[in-house]
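Undergrad: Generate a structure from the sequence data that follows.
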Amino acid sequence: MDENPLLGDWSTEPFNLPPFDRIQPNHFPPAFEECMKRHIDDLQAIVDNTDDPTFENVLVPYDQAGSLLSRTGAVFYNMCSSLNTDDMKEVQMSMVPILSRHRSATYTLPGLFEKLQAVYDNRLDAEAKLTEEQVRLVERVHMDFTRAGASFGEEQKKEYAELLAELASLQTEFQQNVMKDEETYEMKLKEEDLEGCPDSLVEAAKQVAAERGYNKEDSSEEDTYIITLSRSLVEPFLTFSSRRDLRQEAWKAWTSRGELDPTRDNLSIARNILLLRKKQANMHGYDTFAEYQCVDRMAKTPQNVMDLLENVWGRAKVCADKERTELEEYAKKIGEDVDGGIKPWDWRYYAEKVRVEKYDLDEAIVKPYFSLNKVTDALFAVSNKLFGLTYTKRSDLKVYHPDVVAYEVRRGDDLQAIFLHDNFARPFKSSGAWMSEYRSQTKNLPSSADSIESIPIVANNNNFAKGGDSESENTPTLLSFDDAKTLFHEMGHGHHGILSDATYSRLSSTSVLMDFVELPSQLMEHWFDEPEILKEYARHFETGEPIPDELLAKIQAAKSFQEGFRTIEYTSCALIDMALHSLSDYPDDFDMTKFEEEELGRLGMPAGIVMRHRPAHFSHLFSTSAYAAGYYVYLWAEVLDADVYAAFRESGNVFDSETAEKARKFIYSAGNTVAPDELFRKFRGRDPDISFMLEKKGLASADAPAS
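TA: Next comes the predicted model:
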């Protein structure tokens with residue numbers, strides 16, 4: 001077994017990092033087989049203990065159980081997102097249902113739930129002497145078991161396990177189909193086809209072409225530029241390209257991911273997923289999956305979600321309609337015939353033109369001040385100012401891809417985490433941006449464990465279009481303002497893992513309720529707006545000159561520009577998500593596209609805007625259940641983050657040490673040790689106030705139209 005690097009001793013690796021250079025896809029199946037066996041052995045030892053069930057002999061070993069499986073699984077799931085080669089995809093498809101059935105088996109192991117139930121029933125007794133965190137652990141684990149079907153009858157348990165295994169397979173197939181469309185699609189262009197595009201986009205398209213084998217000296221396809229379906233390429237192309245026909249071509253491909261190949265039918269897969277989720281909810285006694293999901297969230301009920309979404313939706317429609325009128329008037333003024341009004345492939349293009357005219361703010365002029373290296377410097381500086389964290393690059397550490405940069409993170413003299421920054425788009429990598437962990441923080445280690453195992457290994461993934469040479473000062477990777485915000489957003493999640501200070505792994509890091517998990521990330525975005533950060537770190541990559549005050553003032557003035565468009569793009573997705581998961585039936589002739597059109601029509605979707613994620617590529621919904629009936633959580637958390645940042649502003653200093661310490665303690669370090677609504681009250685001294693979010697989005701004065 002020691003020949004398999006996943007099962008071997010990692011203590012020879014610095015910080016017990018995974019031996020990335022030795023791990024191959026074919027190592028996972030045999031490793032998982034052994035890991036699952038050991039996990040069941042760990043749990044069986046709890047069952048076989050003849051002492052009366054207590055927190056110490058049930059919950060403590062339960063939280064420690066399966067450490068080898070957790071270690072192997074962390075590498076597996078990270079590779080499935082960041083380096084999902086064809087060989088890895090095959091392993092993923094074969095292993096996902098097996099791992100799902102194992103998970104079900106751990107919750108239905110005879111005798112285990114009865115032990116947990118005994119501790120749960122006595123958790124508040126004075127004799128138990130449990131701390132607040134220990135009570136929280138008992139309640140969360142008990143919730144895990146009941147939602148996994150532990151209280152079902154034997155036949156129901158088997159049926160439920162198979163349902164979850166089928167669901168896991170379908171979700172994996174859905175995501176692999178999206179990835180395949182993103183990997184294979186390319187729009188081949190010549191330099192003259194990139195008319196209107198800034199140099200940074202032209203250079204990025206040329207770089208992608210080179211990576212895909214074009215423009216070699218012996219190639220018949222010289223002078224080729226490639227636009228892929230990576231958001232960091234296609235959105236700038238839609239923003240700057242003066243070729244309306246090419247914008248339409250790119251937009252249609254981008255919004256049709258998951259439907260580009262008839263052999264990859266994601267809409268049928270999505271319907272089957274919805275059917276299984278409906279059955280899952282019914283088995284738990286709920287009419288809809290939306291009801292089942294909301295029970296274990298801050299929102300509690302779908303109606304509470306809808307109250308928030310509809311409040312914002314009505315206001316955003318008013319703003320978006322005004323924005324569209326402004327774009328159409330501009331197009332008419334400059335003599336351009338936009339037949340039938342502004343179309344979705346026109347919106348970003350004319351919005352950029354209006355922004356330049358209205359605020360004298362051209363993104364092509366802004367971008368040179370936001371090189372990836374300088375924005376990363378700003379990110380680490382904010383992290384240090386707020387939380388005292390320092391980042392030391394460790395080029396000697398082995399990582400899984402040359403793009404990845406490793407850092408040693410310390411707080412004072414104490415090692416806090418290892419941080420992996422994986423910033424560039426590439427084949428075999430999922431689109432979007434996310435935070436993940438190769439090891440989560442915990443203090444609940446077995447006595448035989450190396451203490452380094454308590455230190456988290458945190459990763460941030462982005463999908464920026466790489467410059468000609470990402471390490472060169474002459475052709476660096478340049479970010480849009482939104483890209484820079486994304487870098488800060490993901491580092492907010494990163495801080496949630498890096499600063500975690502929970503005793504038990506089940507309660508640590510991002511293991512929180514879904515409508516709280518985006519608070520740490522969205523809160524972090526605010527600091528990139530601060531003039532003192534921009535003045536120091538937004539420097540022109542060629543001259544090193546700081547961003548001029550005049551340009552900075554224009555950026556601040558345009559902060560709410562197109563907020564109606566952005567809010568509609570997002571909120572329409574959240575509303576469709578809730579509508580889909582609130583249906584009572586999905587008949588054989590259920591047409592997802594027709595449902596999308598009819599529901600958006602009922603909602604009064606403003607003309608010229610489409611959902612940010614249409615159903616066939618809506619990975620938040622259909623590649624995992626975590627955000628299903630839960631895409632609303634970004635807006636829910638935006639209410640929280642705007643309120644929290646208001647506390648920093650009220651202190652008179654956005655880096656106020658006392659407020660920062662409260663944020664560290666109650667937002668970034670607490671994990672799930674305390675209920676999230678209580679954590680917010682501990683920080684703010686009251687419940688959240690929606691007015692800060694509405695003000696931040698420029699929607700406070702936009703009343704919803706009368707219904």
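Undergrad: List the contacts of stretch 153-164.
TA: By CB atoms under 8 Å, 6 or more residues apart in numbering, the surrounding residues in contact with stretch 153-164 are 100-101, 103-105, 108, 148-150, 152, 276, 279-280, 283. (Glycine included, C-beta is placed from N, CA and C.)
Undergrad: Show me which residues of that stretch are buried.
TA: Within stretch 153-164, the residues that qualify as buried are 157, 160-161, 163-164, counting by 16 or more other CB atoms under 10 Å.
Undergrad: what is the mean pLDDT for it?
TA: For stretch 153-164, mean pLDDT is 97.
Undergrad: returning to what we had before: okay, the contacts of stretch 153-164 in JSON lines with secondary structure and neighbour count next?
TA: What follows is these, written out as JSON lines (DSSP: H, G, I helix; E, B strand; the rest coil; neighbours: other CB atoms under 10 Å):
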{"residue": "Ser100", "secondary structure": "helix", "neighbour count": "21"}
{"residue": "Arg101", "secondary structure": "helix", "neighbour count": "15"}
{"residue": "Arg103", "secondary structure": "helix", "neighbour count": "18"}
{"residue": "Ser104", "secondary structure": "helix", "neighbour count": "21"}
{"residue": "Ala105", "secondary structure": "helix", "neighbour count": "15"}
{"residue": "Thr108", "secondary structure": "coil", "neighbour count": "21"}
{"residue": "Ala148", "secondary structure": "coil", "neighbour count": "19"}
{"residue": "Gly149", "secondary structure": "coil", "neighbour count": "23"}
{"residue": "Ala150", "secondary structure": "coil", "neighbour count": "21"}
{"residue": "Phe152", "secondary structure": "coil", "neighbour count": "18"}
{"residue": "Leu276", "secondary structure": "helix", "neighbour count": "19"}
{"residue": "Lys279", "secondary structure": "helix", "neighbour count": "14"}
{"residue": "Gln280", "secondary structure": "helix", "neighbour count": "20"}
{"residue": "Met283", "secondary structure": "helix", "neighbour count": "15"}
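Undergrad: Include distance to Leu43 when you put these into CSV, please.
TA: Putting these into CSV (distance: CB to CB, whole Å) gives the following:
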residue, distance to Leu43
Ser100, 17
Arg101, 15
Arg103, 12
Ser104, 13
Ala105, 9
Thr108, 11
Ala148, 13
Gly149, 16
Ala150, 12
Phe152, 18
Leu276, 26
Lys279, 27
Gln280, 23
Met283, 23
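Undergrad: Just confirm Leu386 contacts Glu661, I think it does.
TA: No: under the contact definition of CB atoms under 8 Å, Leu386 does not touch Glu661, with a separation of 9.1 Å.
Undergrad: Which residues does the worst-scoring helix or strand of the chain on mean pLDDT contact?
TA: Ranked by mean pLDDT, DSSP states H and E, the helix or strand of the chain with the weakest confidence is helix 363-366, at a mean of 87. Residues lying outside helix 363-366 but in contact with it, judged by CB under 8 Å, 6+ apart, are 198-200, 239-240, 352, 355, 480-481, 551, 555.
Undergrad: List only buried entries from those residues.
TA: Counted by 16+ other CB under 10 Å, the contacts of helix 363-366 give 198, 200, 239-240, 352, 355, 480-481, 551, 555 as buried.
Undergrad: Okay, buried residues for the following helix or strand past the least confident helix or strand of the chain please.
TA: Later in the chain than helix 363-366, the nearest helix or strand by DSSP states H and E is helix 372-387. By neighbour count on 16+ other CB under 10 Å, the buried set for helix 372-387 is 372-376, 378-380, 382-383, 385-387.
Undergrad: could you dump those to a markdown table with distance to Ala209?
TA: Formatted as a markdown table, the entries for the buried residues of helix 372-387 read as follows, by distance: CB to CB, whole Å:
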| residue | distance to Ala209 |
| --- | --- |
| Leu372 | 20 |
| Asn373 | 24 |
| Lys374 | 27 |
| Val375 | 25 |
| Thr376 | 26 |
| Ala378 | 31 |
| Leu379 | 30 |
| Phe380 | 33 |
| Val382 | 36 |
| Ser383 | 36 |
| Lys385 | 41 |
| Leu386 | 41 |
| Phe387 | 41 |
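Undergrad: mind showing which ranges of the stretch 201-350 of the chain have poor pLDDT?
TA: Per-residue confidence for the stretch 201-350 of the chain (pLDDT under 70) gives these ranges: 217-221.
Undergrad: ok but Lys188 is inside a strand, no?
TA: Yes: when classified by DSSP: H, G, I helix; E, B strand; the rest coil, Lys188 is found to be part of a strand.
Undergrad: for Arg271, what are its contacts?
TA: Listed by CB under 8 Å, 6+ apart, the contact set of Arg271 reads 586, 590, 592.
Undergrad: And the contacts of stretch 592-611?
TA: The set of residues that contact stretch 592-611 without belonging to it, under CB under 8 Å, 6+ apart, is 255, 267, 270-271, 313, 317, 320-321, 324, 327, 341-344, 346-347, 564-565, 568-569, 572-573, 575-576, 579-580, 614-616.
Undergrad: make it 6 Å
TA: Stretch 592-611 is contacted from outside by 267, 317, 320-321, 324, 342, 344, 347, 568, 572-573, 576, 579, 615, using CB atoms under 6 Å, 6 or more residues apart in numbering.
Undergrad: what's the answer for stretch 302-313, then?
TA: Outside of stretch 302-313, the residues within contact range by CB under 6 Å, 6+ apart are 290, 294, 299, 571, 574-575, 632.
Undergrad: neighbours of Glu542, just the number please.
TA: Using other CB atoms under 10 Å, Glu542 has 11 other residues around it.
Undergrad: any idea what sits nearest it, other than its immediate chain neighbours?
TA: Pro368 (6.9 Å; CB to CB, 6 or more residues apart in numbering).
Undergrad: what are the C-alpha coordinates of the least confident helix or strand of the chain, in PDB please?
TA: Extracted C-alpha coordinates of helix 363-366, given in PDB (Å, rounded to 0.1, in the frame of the first residue of the first chain):
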ATOM      1  CA  GLU A 363     -11.500  50.600 -18.900                       C
ATOM      2  CA  ALA A 364      -8.600  50.300 -21.400                       C
ATOM      3  CA  ILE A 365      -7.000  53.200 -19.600                       C
ATOM      4  CA  VAL A 366      -7.800  51.800 -16.100                       C
END
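Undergrad: which parts of that helix are buried?
TA: Those would be 363-364, 366, for helix 363-366 by 16+ other CB under 10 Å.
Undergrad: what do you get for stretch 665-676?
TA: With burial defined by 16+ other CB under 10 Å, the residues of stretch 665-676 counted as buried are 666-676.
Undergrad: what's the spacing between stretch 623-642 and its chain's center?
TA: 10 Å (CA atoms, centre = their mean, to the nearest Å).
Undergrad: again with stretch 86-99
TA: With CA atoms, centre = their mean, you get 22 Å for stretch 86-99.
Undergrad: what does it contact?
TA: 25, 28, 79-80, 165, 168-169, 172, 176.
Undergrad: all strands for the stretch 301-450 of the chain, in order.
TA: Secondary structure of the stretch 301-450 of the chain (DSSP state E, counting those that start in this stretch): strands located at 389-393, 405-411, 414-424, 434-439.
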